[in-house]
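# kindly generate the corresponding structure for this input.
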Amino acid sequence: MVMEERTPARQRGLDYSVERAVLDEESLEEVAQRRTREGKPALAQRLRGKLSCSAAKLKHCLFTCIPVLSWLPRYSFRECALGDFFSGISVGIMHLPQGMAYALLASVPPVFGLYSSFYPILVYFIFGTSRHISVGTFAVMSVMIGSVVERLAPDSDFSSLDNVTNETLIDVLQRDAARIKVAAAVTFLSGLFQVALGLVQFGFVVTYLSEPLVRGYTTAAAIHVIVSQLKYVFGINPNRYSGPLSMVYTVIEVCALLPETNVGTLVVSIVSLVVLLVVKKISTALSHKLPIPIPIELILVIVSTVITAQVQLDNKYGVQVVGEIPQGLQAPVFPDSSLFVSVVGDAFAIAVVGYAIAISLGKIFALKYGYQVDSNQELVALGLSNSVGGVFQCFAISCSMSRTLVQESSGGHTQVAGALSALVILVIILQLGKLFQQLPKAVLSAIVIINLQGMMRQFTDIRTLWRSNKVDMLVWVVTLVFTLLLNLDLGLAASIAFAMLTVIFRTQLPQYSLLGRIAGTELYRSVEEFAQAQEIPGVKIFRSSATLYFANAEMYEETLKKKVGINIAQLLRHKKKLAAKEKRREKQEERRAKKEAKKNEKKGGGATDCVESEETGQEETGQEETGREETVQEETVQEETGREDAGREETGQEETRREGTQRWSNPLNPHSIILDLSPVNFLDTVSVKKLKNIVSDYREVGVEVYLAGCQSCVVGEMERGGFFLKALSKACLFVSVHDAVLHCLRRAEHGPLDSPAALENTRL
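Down below sits the predicted model:
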């Protein structure tokens with residue numbers, strides 16, 4: 001075997017060489033001509049430009065708010081009509097069983113699932129921007145609606161005791177009417193939330209719902225759906241619970257009621273589940289040969305309805321059926337506004353979740369087919385769909401993955417396919433609805449459960465996330481647990497809060513590192529991760545992997561002290577001790593000088609008395625002797641003082657020499673510290689103050705601190721935060737770490753420089 005020799009990375013790359021002056025922030029702003037705020041248009045001028053009206057602006061606004069006006073006139077019948085037709089028919093057929101099945105999840109009569117598959121689709125056709133998603137009933141949205149409906153309109157509010165048989169009777173008509181009102185109210189309010197968020201350009205709210213959070217949440221919602229369908233699978237009638245731990249109570253009661261299982265209902269459920277599962281597996285295996293998936297759901301609905309009507313499963317074996325389905329459309333009714341206060345929290349949660357599911361799926365297909373989806377307009381489109389649907393007594397809708405895949409795979413190109421599917425539902429509502437009155441509810445439950453296969457497969461995310469990102473895996477698992485235990489509304493809020501906490505914890509516990517230079521380059525990497533990264537003697541380069549703000553500012557300073565190895569407090573105490581010693585020495589010298597002066601005065605006074613009492617010859621002799629004594633004493637004092645001064649000078653010079661030698665040669669005692677702030681994208685007042693304290697504290701002990709890689713927004717926040725003073729200017733900010741290193745080395749070699757930008761052609 002002949003092995004091909006790989007070309008070294010150094011040869012594969014491109015070499016470049018740049019010679020320029022060392023740039024600090026002041027010189028960069030001068031060279032690059034930084035724009036000031038004065039050069040920007042005034043606020044009044046910008047508002048005048050925004051609010052001014054013209055024909056072009058009006059046309060753009062109209063096409064943006066009503067997207068159908070921009071693409072429908074250019075609709076290509078030759079390329080799109082046939083595919084949209086078959087796609088619309090296929091999706092319309094799927095809407096029938098899924099709409100009725102998901103109506104059971106929403107705890108409303110099945111026909112309202114058909115209404116929810118008609119009105120909202122037409123509204124989205126006009127205002128939506130995605131060409132491929134299929135909006136309509138969706139399991140997660142239905143179960144969220146159902147939890148609100150059963151909380152505000154439980155069976156107990158409509159039950160009465162039969163005095164003859166002592167049985168509890170439920171007024172189904174009144175209960176269903178009350179539940180329809182609740183579902184319509186929460187749907188209408190969620191639509192208003194979506195429209196309002198879209199109008200204020202709040203489409204980015206979905207970014208707070210990370211993919212692990214959404215997938216964990218939808219998996220938990222799928223489990224809620226399956227648990228809620230167990231009563232139809234076994235033909236039992238457990239109590240309905242709401243609030244935290246409601247699913248746990250439901251599972252316990254279902255297990256307790258298993259001895260009362262209706263055998264006929266269980267048989268219908270098992271047969272339906274097996275048929276759906278087997279045929280869907282076959283359809284998936286033959287997907288490359290079939291033009292559209294096998295419509296097994298519609299086939300099962302028709303066959304089970306015919307069998308139930310012929311064999312009378314409802315009368316003979318007690319199998320629950322759909323019951324009366326009224327023909328025609330419902331008149332619009334404004335929702336009961338008195339319910340808005342009770343459902344405002346649920347409505348907001350439904351609005352956010354529905355939008356998150358729709359926009360994530362819409363962006364997938366937009367990326368696949370190369371067009372743009374307007375996130376804010378999608379919010380408006382979904383909001384109008386839900387608001388109009390609420391007026392027509394629909395329940396909240398979103399996007400279905402299964403229907404979307406069918407719409408795309410069967411040739412759908414535009415939302416014309418969605419409009420055609422709505423027409424199919426309209427025909428069923430007006431003419432064919434009564435044919436499905438004998439449809440067993442167990443069949444609808446089986447359809448719901450089998451359609452949740454995709455969500456249940458999301459459990460494999462745990463293994464994938466464990467390998468790639470354990471924090472995301474933790475978010476996934478915690479979201480699942482919170483949603484299962486706290487129910488869908490509280491579970492979502494708790495999950496978002498936990499996801500936010502993980503972000504905060506990750507910024508509080510970033511990776512701190514000392515950087516070293518890769519030989520022959522201007523690149524600086526962690527000395528712990530890269531063997532060829534060598535620290536610059538006398539210079540410590542410190543970097544944090546996260547931004548700097550109030551939550552981690554204190555830890556940033558403490559870690560800097562540990563990494564640099566300079567104990568500022570100890571050095572300051574030592575400096576104060578030396579200053580105190582020097583002060584005491586000066587006082588001692590001052591006292592000693594005063595004593596010597598007093599001695600000299602006394603000796604001088606005694607000599608003067610002797611001169612006055614003696615003769616003239618003796619006076620001259622005494623004066624000469626006294627003069628000699630004073631001269632000798634003065635010379636002695638001067639000699640001693642000179643020796644002391646010389647000793648102190650030599651000691652100071654030795655200390656200075658020793659300190660300088662240690663500082664310039666020993667990396668544990670640097671003369672300069674460089675803070676790499678390139679990962680920092682904002683600073684608050686606490687972090688600005690902390691940086692200012694770091695610079696001043698290290699200057700107290702003779703160590704200069706420089707900042708490198710600051711973004712323009714960070715520099716602006718430092719200016720507004722009062723970071724720059726007379727003693728601290730932008731000359732301590734450098735455009736890169738390498739610029740700062742060159743400045744530090746030149747300063748250590750030649751002393752302080754007035755203009756760092758004047759240094760040119762400095763090399764390492």
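# going forward, measure contacts and count neighbours with C-alpha atoms only.
OK.
# contacts only, for the residue nearest the centre of the chain.
Nearest residue to the geometric centre of the chain (C-alpha atoms, centre = their mean): Tyr208, 5.1 Å. Tyr208 is in contact with Ile496, counting by C-alpha atoms under 8 Å, 6 or more residues apart in numbering.
# local confidence estimate at it?
Looking at Tyr208, its pLDDT reads 77.
# again, but for the one 5 residues further on
We note a pLDDT of 91 for Leu213 in this prediction.
# same question, the one 4 residues further on
Looking at Tyr217, its pLDDT is 89.
# list the buried residues of the helix or strand encompassing it.
Element membership for Tyr217 (DSSP states H and E) is helix 211-234. By neighbour count on 16 or more other C-alpha atoms under 10 Å, the buried set for helix 211-234 is 212-234.
# now for the protein, the helix or strand with the poorest mean pLDDT.
helix 616-665 (a mean of 47; mean pLDDT, DSSP states H and E).
# list the helices and strands whatever helix or strand comes next after that helix packs on?
With elements assigned by DSSP H and E, the helix or strand that comes after helix 616-665 is strand 672-676. Contacts defined by 3 or more C-alpha pairs under 8 Å, 6 or more residues apart in numbering; DSSP states H and E place strand 672-676 against strand 539-544, strand 704-708, helix 737-750.
# and the helix or strand that strand 672-676 is followed by, what does it pack against?
Counting by DSSP H and E, the element after strand 672-676 in chain order, helix or strand, is helix 685-700. Under the contact definition 3+ C-alpha pairs under 8 Å, 6+ apart, helix 685-700 sits against helix 553-564, helix 568-613, strand 704-708.
# can you list the residues that contact helix 685-700?
With contacts defined as C-alpha under 8 Å, 6+ apart, helix 685-700 is touched by 548-550, 553-554, 557, 568, 572, 704-706, 718, 721, 723.
# buried set for that helix?
Within helix 685-700, the residues scored as buried using 16+ other C-alpha under 10 Å are 686-692, 695-698.
# got a markdown table for those residues, with distance to Tyr524 and pLDDT too?
Listed next are those as a markdown table, based on distance: C-alpha to C-alpha, whole Å; pLDDT from 0 to 100:
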| residue | distance to Tyr524 | pLDDT |
| --- | --- | --- |
| Val686 | 28 | 92 |
| Ser687 | 24 | 91 |
| Val688 | 25 | 92 |
| Lys689 | 27 | 91 |
| Lys690 | 25 | 91 |
| Leu691 | 22 | 92 |
| Lys692 | 24 | 91 |
| Val695 | 22 | 90 |
| Ser696 | 26 | 88 |
| Asp697 | 26 | 87 |
| Tyr698 | 23 | 89 |
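# can I get those in TSV including distance to Thr265?
Putting the buried residues of helix 685-700 into TSV (distance: C-alpha to C-alpha, whole Å) gives the following:
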residue	distance to Thr265
Val686	66
Ser687	66
Val688	69
Lys689	71
Lys690	70
Leu691	72
Lys692	75
Val695	77
Ser696	80
Asp697	79
Tyr698	80
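# state the distance from Gly454 to Ala356.
According to C-alpha to C-alpha, to the nearest Å, Gly454 and Ala356 sit 17 Å apart.
# er, Gly146 actually
Taking C-alpha to C-alpha as the measure, Gly146 falls 19 Å from Ala356.
# so, low pLDDT: which residues of the stretch 1-150 of the chain?
Applying pLDDT under 70 to the stretch 1-150 of the chain flags residues 1-14, 36-43, 46, 49-51.
# one more: the stretch 151-300 of the chain?
Short version for the stretch 151-300 of the chain, where the test is pLDDT under 70: 162-166.
# list the contacts of stretch 503-517.
By C-alpha under 8 Å, 6+ apart, the surrounding residues in contact with stretch 503-517 are 523-528, 532-536, 540-547, 551-552, 555, 559, 563.
# residues in contact with Leu161?
Going by C-alpha under 8 Å, 6+ apart, Leu161 touches 167-169.
# which stretches of the stretch 251-400 of the chain form helices?
Remark: helices assigned in the stretch 251-400 of the chain by DSSP state H, counting those that start in this stretch are 263-285, 296-311, 313-316, 340-369, 375-391.
# what's in contact with the shortest one?
Yep, that's helix 313-316 we're talking about. 264, 308, 319-321.
# list the buried ones in that helix?
Within helix 313-316, the residues that qualify as buried are 313-314, counting by 16+ other C-alpha under 10 Å.
# send me that helix as CSV with only the CA atoms.
Output of helix 313-316 as CSV, limited to C-alpha atoms (Å, rounded to 0.1, in the frame of the first residue of the first chain):
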residue,chain,number,x,y,z
LEU,A,313,-71.1,-1.6,17.8
ASP,A,314,-72.4,1.3,19.8
ASN,A,315,-75.7,-0.4,20.8
LYS,A,316,-74.5,-4.0,21.2
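# after the helix or strand hosting Ser160 comes which helix or strand?
Applying DSSP H and E as the criterion places Ser160 in strand 159-161. Counting by DSSP H and E, the element after strand 159-161 in chain order, helix or strand, is strand 168-170.
# that next one pairs with which strands?
Under the criterion DSSP bridges, strand 168-170 sits next to strand 159-161 (antiparallel) in its sheet.
# run a quick neighbour tally on Tyr75.
13 (other C-alpha atoms under 10 Å).
# now for the strand or helix carrying Ile447, which elements pack on it?
Using DSSP H and E, Ile447 falls within helix 441-450. The contact analysis (3+ C-alpha pairs under 8 Å, 6+ apart) places helix 441-450 against helix 82-105, helix 211-234, helix 263-285, helix 296-311.
# just the CA trace of it, in PDB.
C-alpha atoms of helix 441-450 as PDB (Å, rounded to 0.1, in the frame of the first residue of the first chain):
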ATOM      1  CA  LYS A 441     -63.900   7.500  19.000                       C
ATOM      2  CA  ALA A 442     -61.400   4.700  19.500                       C
ATOM      3  CA  VAL A 443     -60.400   5.000  15.900                       C
ATOM      4  CA  LEU A 444     -59.800   8.700  16.200                       C
ATOM      5  CA  SER A 445     -57.700   8.000  19.300                       C
ATOM      6  CA  ALA A 446     -55.700   5.400  17.400                       C
ATOM      7  CA  ILE A 447     -55.100   8.000  14.700                       C
ATOM      8  CA  VAL A 448     -53.900  10.500  17.300                       C
ATOM      9  CA  ILE A 449     -51.500   8.100  19.000                       C
ATOM     10  CA  ILE A 450     -50.000   6.800  15.700                       C
END
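# between helix 82-105 and it, find me the angle.
Helix 441-450 and helix 82-105 are oriented at 110 degrees to each other (axes from the mean of the first three to the mean of the last three C-alpha atoms, to 10 degrees).
# who's in contact with helix 441-450?
Contact partners of helix 441-450, identified using C-alpha under 8 Å, 6+ apart, comprise 97-98, 100-102, 139, 225-226, 229, 232-233, 265-266, 268-269, 272-273, 276-277, 297, 300-301, 304, 320-322.
# which is the next helix or strand following that helix?
Toward the C-terminus from helix 441-450 - assigned by DSSP H and E - lies helix 453-456.
# and the helix or strand following that next one, which residues are buried?
Counting by DSSP H and E, the element after helix 453-456 in chain order, helix or strand, is helix 461-468. Buried positions in helix 461-468, judged by neighbour count with 16+ other C-alpha under 10 Å: 461-462, 465.
# do the same with stretch 230-248
So stretch 230-248, judged by 16+ other C-alpha under 10 Å, has buried residues 230-236, 238, 240-242, 244, 246-247.
# likewise for stretch 68-87?
68, 80-81, 83-87.
# pull the most distant pair out of the residues you listed.
Greatest spatial distance in the buried residues of stretch 68-87: Val68 and Phe86, 20.8 Å, computed using C-alpha to C-alpha.
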